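1. All I have is the shape, not the residue letters:
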């Protein structure tokens, strides 16, 4: 994905108490509870003098490797250092914990692509969403024990910009805050890339939720969210540290007025606390906490593969967790700017971070978005902020006329058309979209016909309307063709040859094949010849990932998996064709999250 390069008071008053946060993932069950109890028993034994405490360890130590989000890593390191100094023990052996700071998105990508890394046993990302993503993509054995800390997401602004927005007296909803900050040149607002930052993605999710509540319908909400995403992308940074680096370095007029410097950023309360207390980070920030419920980072303590842990490692992992959860550990986290795991606000901490009444900094956090909602948002972000070039190739063989159970007699083709039109509505005028249909012998010996060329949706067509209008009509004209078969292989090779030959630099290029059957064209090339041809055409410097969508049980998913492999694409099976647009967004997000194409 492309990037825009950017350079490098009174204490608040509590306004409410948080409600419990909805959890979506399994936590440690009885076995882990027993280990936790054992660790707790060890603490009792230590306090009772039954285990050595505070004495040199020598070589008798249990090693525990922890990978943590960079913002919380210093606090964990402080607790680990204290444990080493005090020779804290677990079952008579000293606890030796090493902390490695690594962005949560990078760890999630690594864990989703291969088996759990045996080199570390515990992962502390900044949000549950990363654990959800790995679990959804790999069906992994990640196990979240609980939340170590929390931090709400807010908008931080330098003093002059904050006063312009009416801080501290004026409060905003997510919709009004982002709309005020991103329109009319009011404010230069930065955000971390939602594809790499939980802060950026959760903020976008709250903006989307607010838009859905305020809009008359889903299409209007999608339009508002996409428009906001487009504006945010103008000043996007790769990650949380990078977006903070875009703020002014000092109070000088030149720095404050520099158009390449942001006046405000979306960030966590903890990041604002760290910025305001560092001393060399630039002018302090004032915080706006949206009144309609903010998202929060949750820092789940996660066992990477609890089944693979040795008994010593399991006890060490839980011993370290108890150190983080006890009074001293929680104080260390607090001293680094974190709230407790239940999200309760502390006036002194929040005041240092830049909050002041009547900002609703103690309001209950909103329910977290579902994994499905986040997946759709990431797809929207990818196709909104980076122009796409996509050719859809749709099966028009007779089997597409089959009715779908539970859909009132609507056929596979009916539902596929509706879902594809829904996907089309999410693209911008800069995106290039085209449509083919295929069966057998639709154009002489050819199994395919181009219904609409792959062109900019905003371009004017021959009939006076836009290409979007013409493409919408082309989708509407799709219908199963009687007395034909499924010419999948010849069509796929021809479509991929065209997509490769017309590759457009700077856009996300892809080919989407939608089919409900297996290749049954007796005169076509075979599967081995097709995959060999695709392998010859695929060019890592001009990537065109092929996204294959198999509708129903008769589709040959095994063959589709072989077909997409040489292109770096993905194959997906759906029983309900109305799911096609969601699958397309998910596949585009996954393929497009690695940078510009």
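-> In hand now; what should we look at? Note that the coordinates shown come from a computational prediction; the quantities given were computed from them, not determined experimentally.
2. Kindly report the domain assignment for this structure.
-> Here the domain assignment for the chain is 30-149+298-338, 151-296, 386-592, based on automatic domain parsing.
3. Mind checking the pLDDT average for the longest one?
-> The predicted model gives domain 386-592 an average pLDDT of 93.
4. With the first one instead?
-> If you average the pLDDT over domain 30-149+298-338, you get 82.
5. if we can go back for a sec, please convert the domains of the chain to CSV, extending it with mean neighbour count and distance to residue 376.
-> Placement of C-beta: from N, CA and C, glycine included. Shown next, in CSV, are the domains of the chain (neighbours: other Cβ atoms under 10 Å; distance: least, Cβ to Cβ, whole Å):
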stretch, mean neighbour count, distance to residue 376
domain 30-149+298-338, 18, 13
domain 151-296, 20, 9
domain 386-592, 19, 6
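6. Of the ones you listed, which is nearest residue 358?
-> Closest approach to residue 358 among those (Cβ to Cβ): domain 151-296, 6.3 Å.
7. what are the ranges of the helices in the stretch 151-300 of the chain?
-> The residue ranges that make up the helices of the stretch 151-300 of the chain, judged by DSSP state H, counting those that start in this stretch, are 159-164, 174-182, 198-214, 218-233, 240-244, 253-257, 269-278.
8. no no, the stretch 401-550 of the chain
-> 412-424, 467-477, 488-501, 527-537.
9. how close does the nearest residue to residue 487 once chain neighbours are set aside sit to residue 397?
-> For residue 487, ignoring the flanking residues on the chain, the nearest one in space by Cβ to Cβ, 6 or more residues apart in numbering is residue 447 at 2.9 Å. If you measure residue 447 against residue 397 using Cβ to Cβ, to the nearest Å, the figure is 10 Å.
10. Now do the shared contacts for those two.
-> Shared contacts of residue 447 and residue 397, defined by Cβ atoms under 8 Å, 6 or more residues apart in numbering, comprise 438-440.
11. re the thing from before, format the helices of the stretch 151-300 of the chain as a markdown table; extra columns: mean pLDDT.
-> Converted to a markdown table, these look like this (pLDDT from 0 to 100):
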| stretch | mean pLDDT |
| --- | --- |
| helix 159-164 | 92 |
| helix 174-182 | 83 |
| helix 198-214 | 92 |
| helix 218-233 | 79 |
| helix 240-244 | 93 |
| helix 253-257 | 75 |
| helix 269-278 | 96 |
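12. first to last residue in stretch 287-298, what's the distance?
-> Stretch 287-298 has an end-to-end distance of 19 Å (criterion: Cα to Cα, to the nearest Å).
13. how far is that stretch from where the chain is centred?
-> Relative to the chain's own centre, stretch 287-298 is displaced by 18 Å; criterion: Cα atoms, centre = their mean, to the nearest Å.
14. oh, and call the first residue 498 from now on, that's how I've got it
-> Sounds good: first residue 498 from here, last item stretch 784-795.
15. and whichever strand or helix holds residue 573 with helix 766-775, angle?
-> With elements delineated by DSSP states H and E, residue 573 resides in helix 570-582, which encompasses its position. Interaxial angle of helix 570-582 relative to helix 766-775 (axes from the mean of the first three to the mean of the last three Cα atoms, to 10 degrees): 80 degrees.
16. I'd like to know which elements helix 570-582 is packed against.
-> Helices and strands touching helix 570-582, by 3 or more Cβ pairs under 8 Å, 6 or more residues apart in numbering; DSSP states H and E, are strand 558-565, strand 590-598, helix 808-822, helix 824-832.
17. so which of the ones you listed gets nearest residue 869?
-> Between residue 869 and those, the shortest gap by Cβ to Cβ is with strand 558-565, which sits at 27.0 Å.
18. quick one: the residue nearest to residue 984 and residue 1019 touch, right?
-> No: applying Cβ atoms under 8 Å as the test, residue 944 and residue 1019 come out as separate, 11.8 Å apart.
19. Could you pull up the residues touching the closest residue to residue 728 other than its chain neighbours?
-> The spatially closest residue to residue 728, leaving aside those adjacent along the chain, is residue 679, at 4.1 Å (Cβ to Cβ, 6+ apart). Neighbouring residues of residue 679 by Cβ under 8 Å, 6+ apart: 686, 725, 728-729.
20. of all the residues you listed, which comes closest to residue 831?
-> Nearest to residue 831, judged by Cβ to Cβ, of those is residue 686 at 29.0 Å.
21. Where does residue 798 fall, secondary structure wise?
-> Element membership for residue 798, per DSSP H and E: strand 797-800.
22. Residue 647 against residue 834, yeah?
-> No: with contacts counted by Cβ under 8 Å, residue 647 stays clear of residue 834, the gap being 11.2 Å.
23. in the stretch 948-1094 of the chain, which spans are strands?
-> If you assign secondary structure with DSSP state E, counting those that start in this stretch, the strands in the stretch 948-1094 of the chain sit at 1005-1012, 1043-1048, 1067-1071.
24. got a markdown table for the ones you listed, with distance to residue 820 too?
-> What follows is the strands of the stretch 948-1094 of the chain, written out as a markdown table (distance: least, Cβ to Cβ, whole Å):
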| stretch | distance to residue 820 |
| --- | --- |
| strand 1005-1012 | 46 |
| strand 1043-1048 | 47 |
| strand 1067-1071 | 42 |
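25. Which among those strands is found nearest to residue 626?
-> Comparison of the strands of the stretch 948-1094 of the chain against residue 626 by Cβ to Cβ identifies strand 1067-1071 as nearest, at 20.6 Å.
26. May I have the strands that pair with that closest one, each with its orientation?
-> strand 1043-1048 (parallel) (DSSP bridges).
27. What separation do you get for residue 563 and residue 593?
-> In this structure, residue 563 and residue 593 are 11 Å apart, going by Cβ to Cβ.
28. Also residue 768?
-> Between residue 768 and residue 593 the distance, using Cβ to Cβ, works out to 30 Å.
29. Among the contacts of residue 679, which one lies nearest to residue 1050?
-> The shortest gap between residue 1050 and any of the contacts of residue 679 belongs to residue 725, at 40.4 Å (Cβ to Cβ).
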